[in-house]
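# Sharing a sequence plus its predicted fold:
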Amino acid sequence: MKETGDNRKMVKTRFAPSPTGRMHVGNLRTALYAYLIAKHEGGNFMLRIEDTDQERFMEGALEIIYHTLDETGLKHDEGPDKDGGVGPYVQSERNTQGIYLKYAKQLIAQGDAYYCFCDKERLESLSANVGGKEIHMYDKHCLHLPKEEIEKNLAAGKPYVIRINMPTEGTTTFHDEIYGNITVENAELDDMILIKSDGFPTYNFANVVDDHLMGITHVVRGNEYLSSAPKYNRLYEAFGWEVPVYVHCPLITNEEHQKLSKRSGHSSYEDLIDQGFLTEAIVNFVALLGWSPVDDREIFTLAELVEAFDYHRISKSPAVFDMTKLKWMNGEYIKQMDDEAFFEKAFPYLKRVLHKEYDFRKIASMVKTRIETFPDIPELIDFFEQVPEYDVSMYTHKKMKTNQETSLEVLKEILPILEEQEDYSNDALFGLLSAYVKEKGCKNGYVMWPIRTAVSGKQMTPAGATEILEIIGKDETIARIKAAIEKLGH
C-alpha cells in the first residue's frame, strides 16, 4: 500500500453494497461518508459488490448502484470497472477463486474454526440462556468431532458450514470512532458461520477478509452492525491482522422516530428523484443526516463537503429524515439553478397542465423562486389553462381594503379600458393600470387584487396581475373579467 510522507498509510475506504434493489438513503449516506473520509484525507474510495447472498440478488440492481454513484458525483477510484490491483471487486468472483475457503481453512488449521454438519432440525432446537434471556445459539456440538469422522463426512459429500470457534469466557472489547469502546461478554458471542452450505461466505466473514486484502483503513457502516463488531475483532485477532478504523453511523428515522422504511415513500435515492428533488440537494441533505459542521452552515457543494468533513463530528443520536427541511433545501438549490437547466427540468411539469400556446419560458421564470420541488409546478400554474371554481369571498382583503362591492366596481370600470388596449405586454399593461390607479386616487392593491383574483381564481399566484394578463392574452383576459363581473353581480 502507498504511504504518505509521514509514513502513515494512505486512507482507503470502501462502499460495499449488495445488488438488491433501489439505493436506500442509509446506503447512500454510507457511500457519501466513506467517499468524504477518503477524499478529505487525499485517499482512495473503492467500490466492492457484495453479492454473496444470491437469493436476494435483483436484476438491474448493479446498474442502479453505478448510476447512483455517477449521478451523485461519488466517483470511485477503483472497483469492478476500474482495476486498482486488488480485484476481483465482486465477491461472487472472489469466491470462485477460492479466496474465502482458503482463509476459513487456515482458521480450521489454527483451531479457530471448525466444520459443522448439524442439520436444520437440530439447529432449530438449540437455545441458550444468556443474562436471563433465551437466545438462539449454537452449542459447539461439532467442535469436538474426531478427525476421522470429519474426513468421512466430507468424503461422503455431507452438507456442512464452517463456524468460528468463539471463546465462552471473558470479554471482547471493540472500539468505534463514534461510540467509543464497546465491551461484550464472550458468552453472548455465537459461533457464527463463516462459509455457508452453498459454499458462499457470510457477509461478516467476507467483509473482514476483503477489507484486509484490499487495504481498507476506515470502514463506514450503519450502527445496526455494532453488535456484530466484536466478532470481527475475533477474526482479525485470529489472523493476526490490523483492525481498521471503524465508523458506525446513527440510525435514520422518519419524523415519528421510527426506522426509515420503504413504506415511507422516500426511503431511496430513486424515490426522491421521482418526487422532483435535485441530486445536489439530496447529497447535501443526506450529508447532514447524522453529521454537523463546525458552524451552522447548511448548504454545501460536494467539493465543500470534502473540505469540511470531519467524521469525529458524526452523532450517536438517530438522525431524523425531516422532509420539510429537504424541501426547503431543494428550493434553495432550485433558486441557484441556471435558467436554461431549470427550464429543461420544469418543462415536463409545465406540459402536464398547459395545452394552449403559452410562453413557457416566461411561466418557468415565474415559478422558479416559488417552488420547493418540481411537482409543485402544476398546482401553481393550472389556472393559466382554466380558472378554477372559487368563492367570491376571496375578493375581500383587509390589507388591500377591497371587498366584493369595491371589486365589482373596479372590474366594471377596468373592462372597457382593457378592451381598448392592444399592447398586452407586461410593461404596457402595468403602465395602463397604474394610470387608472392614479386617476382613482387609490393604492395599487385596490385595483390589482380584484383583477388578479378574477383572472386566476387563486389567492396565491406565481406572478402579479399584469404578468398573468400578458401570458393569457387579450381575449382570455376579457373573457375572465366578464365572467368575474357576472359572478360578483349575483
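Yes, it's here.
# Okay, now the unreliable bits of the protein?
For the chain, applying pLDDT under 70 flags the ranges 1-8, 128-132, 262-265, 490.
# Val25 reaches Lys259, doesn't it?
No - Val25 is beyond contact range of Lys259, at 11.3 Å (criterion: C-beta atoms under 8 Å). To be clear about C-beta, it is placed using only N, CA and C from the backbone, and glycine gets the same treatment.
# These two: which is more packed in?
Per other C-beta atoms under 10 Å, whichever of Val25 and Lys259 has more neighbours is Val25, with 23 against 13.
# how far away is the more buried one from Leu101?
35 Å (C-beta to C-beta, to the nearest Å).
# And for Cys116?
15 Å.
# Next: Glu55.
Going from Glu55 to Leu101 by C-beta to C-beta gives 20 Å.
# For whichever strand or helix holds Ala104, name the packing helices and strands.
In this structure, Ala104 sits in helix 99-110 according to DSSP states H and E. In terms of contacts (3 or more C-beta pairs under 8 Å, 6 or more residues apart in numbering; DSSP states H and E), helix 99-110 is packed against strand 113-116, strand 161-164, strand 193-195, helix 203-213, helix 229-239.
# For it, buried residues please.
Buried residues in helix 99-110, defined by neighbour count with 16 or more other C-beta atoms under 10 Å: Ile99, Tyr100, Leu101, Tyr103, Ala104, Leu107, Ile108.
# can I get the CA coordinates of it in PDB?
Extracted in PDB, the C-alpha atoms of helix 99-110 (Å, rounded to 0.1, in the frame of the first residue of the first chain):
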ATOM      1  CA  ILE A  99     -10.300 -16.900  -1.500                       C
ATOM      2  CA  TYR A 100     -12.700 -17.200   1.400                       C
ATOM      3  CA  LEU A 101     -12.500 -21.000   1.700                       C
ATOM      4  CA  LYS A 102      -8.700 -20.700   1.800                       C
ATOM      5  CA  TYR A 103      -8.800 -18.400   4.800                       C
ATOM      6  CA  ALA A 104     -11.600 -20.400   6.500                       C
ATOM      7  CA  LYS A 105      -9.400 -23.500   6.200                       C
ATOM      8  CA  GLN A 106      -6.500 -21.500   7.700                       C
ATOM      9  CA  LEU A 107      -8.600 -20.800  10.700                       C
ATOM     10  CA  ILE A 108      -9.600 -24.500  11.000                       C
ATOM     11  CA  ALA A 109      -5.900 -25.500  10.900                       C
ATOM     12  CA  GLN A 110      -5.200 -23.000  13.700                       C
END
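# who are the neighbours in contact with the residue lying farthest from the centre of the chain?
No residue in the chain sits farther from the centre than Glu439, which is 56.8 Å out by C-alpha atoms, centre = their mean. Applying C-beta atoms under 8 Å, 6 or more residues apart in numbering to Glu439 gives no contacts.
# Now it, what are its backbone angles?
Phi and psi for Glu439, reported as degrees, to the nearest 10, are phi -60, psi -40.
# any idea how far it lies from Leu429?
16 Å.
# hmm, back to that, switch the buried residues of helix 99-110 over to CSV; also include distance to Leu62.
Below are the buried residues of helix 99-110 laid out as CSV (distance: C-beta to C-beta, whole Å):
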residue, distance to Leu62
Ile99, 20
Tyr100, 21
Leu101, 24
Tyr103, 26
Ala104, 27
Leu107, 31
Ile108, 33
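# His355: neighbouring residues, count only.
Neighbours around His355, by other C-beta under 10 Å: 8.
# Go ahead and confirm it touches Phe384.
No - the pair His355 / Phe384 is not scored as a contact, 10.1 Å apart, by C-beta under 8 Å.
# Hmm, Thr68 is touching Met23, no?
Yes - the pair Thr68 / Met23 is scored as a contact, 4.8 Å apart, by C-beta under 8 Å.
# any common contacting residues for those two?
With C-beta under 8 Å, 6+ apart, Thr68 and Met23 have common neighbours Tyr269, Glu270.
# that older thread, overlap in contacts of Val25 and Lys259?
Ile252.
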